[in-house]
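A.B. asks: predicted model and sequence below, questions to follow.
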Amino acid sequence: MKILVTGGAGYIGAVLCDRFLEAGHEVRVLDRLYWGRKPLEALAARLEIVQADVRAVDPDLLDGIEGVVHLAGLSNDPTAEYNPEANWEMNTTATAALAAACRKRGIRRFTFGSSASIYDGLGDGLFDETTKVAPRGAYSESKFAAEQALLEAADGSFAPTILRQGTVYGHSPRLRLDLVVNTFIKDALLRGKLFLHGGGWMWRPLVDVGDVALAHLRCIEAPAGSLGGEIFNVVHENFQIRQLAMLVAGSLSLRGRPVTLEDAPLPALNRNYRCTNRKLQDRTGFVPRVTVLESIEGILRHIPVENPTELAHPRYYNIAWMTLLEEVQRSQAGFDSIWSSGTAADLPV
Ligand SMILES: NC(=O)c1ccc[n+]([C@@H]2O[C@H](COP(=O)([O-])OP(=O)(O)OC[C@H]3O[C@@H](n4cnc5c(N)ncnc54)[C@H](O)[C@@H]3O)[C@@H](O)[C@H]2O)c1
C-alpha cells in the first residue's frame, strides 16, 4: 500500500517509516522537518519526503494514498504549554482538517498517534478505552479534542483508529532524550545521578518505539474499516518512575558506572496514570514485546557511552530545540550551524 506518514521524520516516525518499508509498503512522509532530513538519511532513497506543514496540507499529497499514519504535531507538555495556540492548530485543528480531506478522497485507513496522558488526573486505577477521561494541560486536551474530531468524522468512507500511546522509550535515528527512560540514561551517563521527583512514586504506561511502529502497522494493515472508530491503548507495561530509575541505574552499574538516586521536588505539572493494553491484544492480536531493560541496552549500543557530552545537545530535547529554532529564525543563523554545534553550552538557549 502507499502510506502517508505525517511527522515521519520524528522520533517515532523515523522508526515507523523503516518498519513500513520493511513490510513492503511505499511511504510518503509529510513533515515540517523541525529536525531536518538527517533522521531519515538511511531511508531517503526509498522514501518520498515532502517538507510541509500539517496545518496546510495540499490535497494533491493524498493522490494515490491508501492509508495515513498521523503523527505530526507538538509532542509533549512543555512545547504545548510554550505555544498553546500553535499546539491547538497543529494537534487538533489540523487533525480534523486531515480527516475531512481523507474522507473526501475515500481514504479509509487512518491511524492517529494519540497519548495515554489523556488518562492523567483520574486518581488511582487501571484505565481502559471506555474510561470517561478528564484530560488536563494543553497537550492532553488537544489530543483528546483531536480524537473526538476523528470519531465524529468516522463513517463508511473514513475509518480512523486512535492509538493512545504510552510514554515511549528506545532508540531512534531521531533520538529524544526528554522521555523518562531515555532521560534517565542520559542523566546516568552525564551526571551519574538520577532525580526522583516526589520520590518517583508516579505511575506511567510505557512502550518501546519499535512496538509503537508495529502497532500502527498492524492497524493500517487490518481489513479496511474493521478497526474504524476504535480507540486502543498501546502499552507494554505500567511502571512507577522509581522502578524505571532503578532499571537504568542497574543497567549502568553492570557496565561499571555507578549511579545514585536522589529525591527532588515535584514539578508543577506532575502526571500519574496507568492503563491496560488488553483491548489491543484481544482485537488485533498485537502485543508490545520489547522490555525496558532490552531497550536500555539498545540505546546504549547507539550512543557515545564513553564520551556522553554530546547528549546535552538541545536537538535531543523538544522544548530546547523548538526555542532554539525560534531564536535562529530571528537571528537568521542557519539550521546546519546549530545542528552541528557541539554542546548545549555553545548555543543560545
Ligand atoms: N514519544 C512519546 O512518548 C509519545 C507518547 C504518546 C504520544 N505521542 C505522539 O506521537 C506523535 C509522534 O511523537 P514523537 O515522539 O515522534 O514526536 P517528535 O516531536 O519526535 O516528532 C514529531 C514530528 O512531527 C513534525 N511536526 C511537528 N509539527 C508539525 C507540523 N505543524 N507540520 C508538519 N510536521 C510537523 C516534526 O518535525 C517531527 O518530525 C506525536 O503526535 C506525539 O504527540 C508520542
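C.D. replies: Right, received. Where do you want to start?
A.B. asks: can we go C-alpha only for contacts and neighbour counts from here?
C.D. replies: Fine.
A.B. asks: give the residue farthest from the middle of this protein.
C.D. replies: The outermost residue of the chain relative to its centre, with distances by C-alpha atoms, centre = their mean, is Gly256 at 31.2 Å.
A.B. asks: was I right about Ile319 contacting Asp77?
C.D. replies: No. Using C-alpha atoms under 8 Å, Ile319 makes no contact with Asp77, being 9.1 Å away.
A.B. asks: on that earlier part again, would you mind giving the secondary structure of the residue farthest from the centre of the chain?
C.D. replies: Classification of Gly256 by DSSP: H, G, I helix; E, B strand; the rest coil places it in coil.
A.B. asks: show the pLDDT at it.
C.D. replies: Among the per-residue scores, Gly256 shows a pLDDT of 94.
A.B. asks: before we move on, what about Ala145?
C.D. replies: With respect to pLDDT, Ala145 scores 98.
A.B. asks: skip the chain neighbours and tell me the closest residue to it.
C.D. replies: Using C-alpha to C-alpha, 6 or more residues apart in numbering and skipping residues adjacent in sequence, the residue nearest Ala145 is Thr92, 6.1 Å away.
A.B. asks: any idea how far that neighbour lies from the ligand?
C.D. replies: Relative to the ligand, Thr92 is positioned 10 Å away (C-alpha to the nearest ligand atom, to the nearest Å).
A.B. asks: kindly report the same for Leu266.
C.D. replies: To the ligand, Leu266 is 20 Å away according to C-alpha to the nearest ligand atom.
A.B. asks: is that residue part of a helix or strand, or is it coil?
C.D. replies: Three-state call for Leu266 (three-state DSSP): coil.
A.B. asks: ok, back up a step: the residue nearest to Ala145 reaches Ser142, doesn't it?
C.D. replies: Yes. Between Thr92 and Ser142 there is a contact under C-alpha under 8 Å: 5.5 Å.
A.B. asks: related to what we said a few turns ago, let me see the contact set for the residue nearest to Ala145.
C.D. replies: 142-143, 145-146, 149 (C-alpha atoms under 8 Å, 6 or more residues apart in numbering).
A.B. asks: now the host helix or strand of Asn233: how far from the chain's centre is it?
C.D. replies: Taking DSSP states H and E as the criterion, Asn233 maps to strand 230-234. Here the centre of strand 230-234 is set off from its chain's centre by 15 Å, with C-alpha atoms, centre = their mean, to the nearest Å.
A.B. asks: who does that strand touch, helix- and strand-wise?
C.D. replies: Applying 3 or more C-alpha pairs under 8 Å, 6 or more residues apart in numbering; DSSP states H and E, we find strand 230-234 packed against strand 159-165, helix 278-284.
A.B. asks: please state the offset of whichever helix or strand comes after the first one from the chain centre?
C.D. replies: Tracing the chain C-terminally past strand 159-165 and defining elements by DSSP H and E, one meets strand 167-169 next. Mean-position distance between strand 167-169 and its chain equals 7 Å (C-alpha atoms, centre = their mean).
A.B. asks: same check on stretch 307-321?
C.D. replies: Centroid separation for stretch 307-321 versus its chain: 17 Å, with C-alpha atoms, centre = their mean.
A.B. asks: list the buried residues for that stretch?
C.D. replies: 310-321 (16 or more other C-alpha atoms under 10 Å).
A.B. asks: and which of these is nearest the ligand?
C.D. replies: Ranked by distance to the ligand (C-alpha to the nearest ligand atom), the buried residues of stretch 307-321 are led by Asn318 at 6.4 Å.
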